[in-house]
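J.: 3D model of this:
(one chain, ligands or ions: 1)
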Amino acid sequence: MALIAILPGDGIGPEVVAAARRVLDALGLDLTFEEAPVGGAAYRAHGHPLPPATLNLAKRADAVLFGAVGDPEFDNVAREHRPEQAILGLRKALGLFANLRPAKLFAGLEDASALRPEVAAAIDMVIVRELTGDVYFGEKGRRMNGDARQGYDVMSYDDNEVERIARVAFETARTRKRRLCSVDKANVLETSQLWRDVVNDIHADYYDVTLTHMYVDNAAMQLVRNPGQFDVIVTGNLFGDILSDQASMCAGSIGMLPSAAINQDKKGLYEPIHGSAPDIAGQGKANPLATILSAAMMLRHSLGEAQAADRIEAAVTAALVAGHRTPDLGGTATTGDMTNAVLAAL
Ligand code: NAD
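T.: Predicted coordinates:
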């Protein structure tokens, strides 16, 4: 029996996680759930955004379903006690090096995209972003350059780091249209040249997947010009940070987009890409679909329940096709209404 750690967090986190939990319960799978506070809720109760008991549950569990953290009440506490630190702590403790961000435009939501409807309609991709290396984690500091103050951040990847993320990306492509585009800046950066060499080497194990390479500036352009050309994109931490947000907005509302961060053993933390949305918390206005779709990713990637994941995704599509819309999608459905519509379609 699989154990799921439920970490609802702050703001709309508990509302959307409760919705996803109802959907998981309705599937009749052999799952157990244990809940623990995280973020501001945990700081309030235990004086730390990621208390030992919460971290311990996340380590014991087969997968973590996470809502969102962030509470304006704690904007002025010391950085290490801010609610957002909980995510960094979990990523580090669980070794979550691969971030999977699907961006897909659901039928009927073409108007929610920042792109022209006919361009947006073709969006159906996954961005695989490396999450624990790159310029964010290299040597950094301030120094003097003659009379000028200088800041520096060192970009680096070693071949093991590139290989493990490349394998996740090739495997992901195998579950889809078998097309992988590796994004780098190999015309300028030595780190990117190594990245490209290693991805080419690993391709030998995945010849059923078509591999292409693209410079990051061109990728940013292609994402708005012709996003339908992409199936799976793999890229480093910095480029992925930017491109995955860009792809999200091309695909529509923030309330629709799930994500996963997984480790070597396919254990993962699954969460909507949105934050705790304090402006609408407690009003029943939150769109629960990003979290419900995150639960589907959890079933597929960590629990080997691809069929159940397909069922959830089909039910979300059906609810949207039937016209149910929360306020972020231009409708009046509450969080509960939308969840009921998904359950009815299941
Ligand atoms: P946000 O994603 O919480 O909200 C941005 C806007 O989108 C708001 O207007 C909000 O109402 C709307 N929105 C977000 N999710 C929605 C949903 N499911 N349905 C309908 N509308 C939705 O981003 P923010 O306002 O910049 O940040 C608020 C807090 O969340 C901050 O404390 C921030 O640090 C935190 N945050 C946490 C995470 C996370 O937990 N992974 C991610 C981003 C931001």
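
J.: Please give the element, helix or strand, for the closest residue to V23 other than its chain neighbours.
T.: Of all residues not flanking V23 in the chain, I292 sits nearest, at 5.2 Å (C-beta to C-beta, 6 or more residues apart in numbering). Yep, even glycine has a C-beta here, placed from its N, CA and C like the rest. Using DSSP states H and E, I292 sits within helix 289-301.

J.: Remind me what that helix packs against, helices and strands.
T.: helix 13-26, strand 63-68, strand 98-104, strand 258-262, strand 268-272, helix 306-321, helix 335-345 (3 or more C-beta pairs under 8 Å, 6 or more residues apart in numbering; DSSP states H and E).

J.: I'd like the distance from the helix or strand just after the second one to the chain centre, please.
T.: Towards the C-terminus, the helix or strand next in line after strand 63-68, according to DSSP H and E, is helix 85-94. Relative to the centre of its chain, helix 85-94 is centred 14 Å away, using C-alpha atoms, centre = their mean, to the nearest Å.

J.: can you check stretch 235-253 too?
T.: 10 Å.

J.: Also stretch 60-77?
T.: Relative to its chain's centre, stretch 60-77 lies at 15 Å (C-alpha atoms, centre = their mean).

J.: cool, stretch 149-169 as well?
T.: For stretch 149-169, the distance to the chain centre is 19 Å (C-alpha atoms, centre = their mean).

J.: Output that stretch as PDB, nothing but the C-alphas.
T.: Presented in PDB, the C-alpha positions along stretch 149-169 are these (Å, rounded to 0.1, in the frame of the first residue of the first chain):
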ATOM      1  CA  ARG A 149      32.200  46.500  -7.600                       C
ATOM      2  CA  GLN A 150      31.600  43.100  -9.200                       C
ATOM      3  CA  GLY A 151      29.100  40.300  -8.500                       C
ATOM      4  CA  TYR A 152      29.700  36.800  -9.800                       C
ATOM      5  CA  ASP A 153      27.900  33.400 -10.000                       C
ATOM      6  CA  VAL A 154      29.700  30.400 -11.400                       C
ATOM      7  CA  MET A 155      27.800  28.200 -13.900                       C
ATOM      8  CA  SER A 156      28.800  24.600 -13.900                       C
ATOM      9  CA  TYR A 157      27.500  21.100 -14.600                       C
ATOM     10  CA  ASP A 158      29.300  17.800 -14.300                       C
ATOM     11  CA  ASP A 159      28.600  14.900 -16.700                       C
ATOM     12  CA  ASN A 160      26.800  12.900 -14.000                       C
ATOM     13  CA  GLU A 161      24.300  15.700 -13.400                       C
ATOM     14  CA  VAL A 162      23.600  16.000 -17.100                       C
ATOM     15  CA  GLU A 163      23.300  12.300 -17.600                       C
ATOM     16  CA  ARG A 164      20.700  11.800 -14.900                       C
ATOM     17  CA  ILE A 165      18.500  14.600 -16.100                       C
ATOM     18  CA  ALA A 166      18.900  13.500 -19.800                       C
ATOM     19  CA  ARG A 167      17.800  10.000 -18.900                       C
ATOM     20  CA  VAL A 168      14.600  11.400 -17.200                       C
ATOM     21  CA  ALA A 169      13.900  13.400 -20.300                       C
END
